[in-house]
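[1] Quick one, structure for this:
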Amino acid sequence: MQSLYCRQAIKSFFTFFIVLLILWNVLSGYFDSFFVASGLFSSIFTLFVFKRLVDAERSLHNIISNKLSLYSLFVSYIPWLMCQIILSSIYVTKKTLQFDLKLTPVILLRKSKKHHDKSAALFANSVTITPGTLTINVENRRKTYLFTICLIDKDLEKGISAMESKVLSHRLQ
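    Modelled structure (predicted):
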């Protein structure tokens, strides 16, 4: 596949080179060695500049398409996360202001094969910025992510599951 692409690129480069060289010579009207050499140099230079511009355009297209997927993340996930942070803040505040404080701290070990690097980072950071929860460790073992999460109360465990499913539903690339 790679060699086919390489052959096509060389073929199109050579075709454009011949077309540019012929145009240079025909439009200049001079066929002295200096003008032919100038046409050769000018055609090659033009094609290299053109190739860099096309490569830059492809790179820009890739960046923009990745940004669009990030935009959808910001439109749907970030508001949901902010709401979870507010709800968790209210829960933690209520718990700490109770006269007889009854907390049952929990350390969870969650395994997931569905995550990849970006979704694992988003999940771990989302857990950490939510009050009452903390991601202690994330390990990647043979495409299985192990998350060690500390919760101040076992009631927050449902929220962790909801957060993980929400992160996994966003298909980050």
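[2] Would you mind naming the helix or strand containing His115?
    For His115, there is no host helix or strand (DSSP states H and E).
[3] Just give the nearest non-adjacent residue to Leu21, would you?
    Ser43 (4.7 Å; CB to CB, 6 or more residues apart in numbering). For the C-beta atoms, the positions are set from N, CA and C on the backbone; glycine is no exception.
[4] any idea which element the one you found lies in?
    helix 33-97.
[5] Can you name every helix or strand that that helix contacts?
    helix 2-28, helix 117-129, helix 157-168 (3 or more CB pairs under 8 Å, 6 or more residues apart in numbering; DSSP states H and E).
[6] for the shortest one, the distance to its chain's centre please.
    Read it as helix 157-168. 21 Å (CA atoms, centre = their mean, to the nearest Å).
[7] Now do the buried residues in that helix.
    Gly159, Ile160, Met163, Glu164, Lys166, Val167, Leu168 (16 or more other CB atoms under 10 Å).
[8] to the chain's geometric centre, what's the distance from the helix holding Ser43?
    On CA atoms, centre = their mean, the centre of helix 33-97 falls 8 Å from that of its chain.
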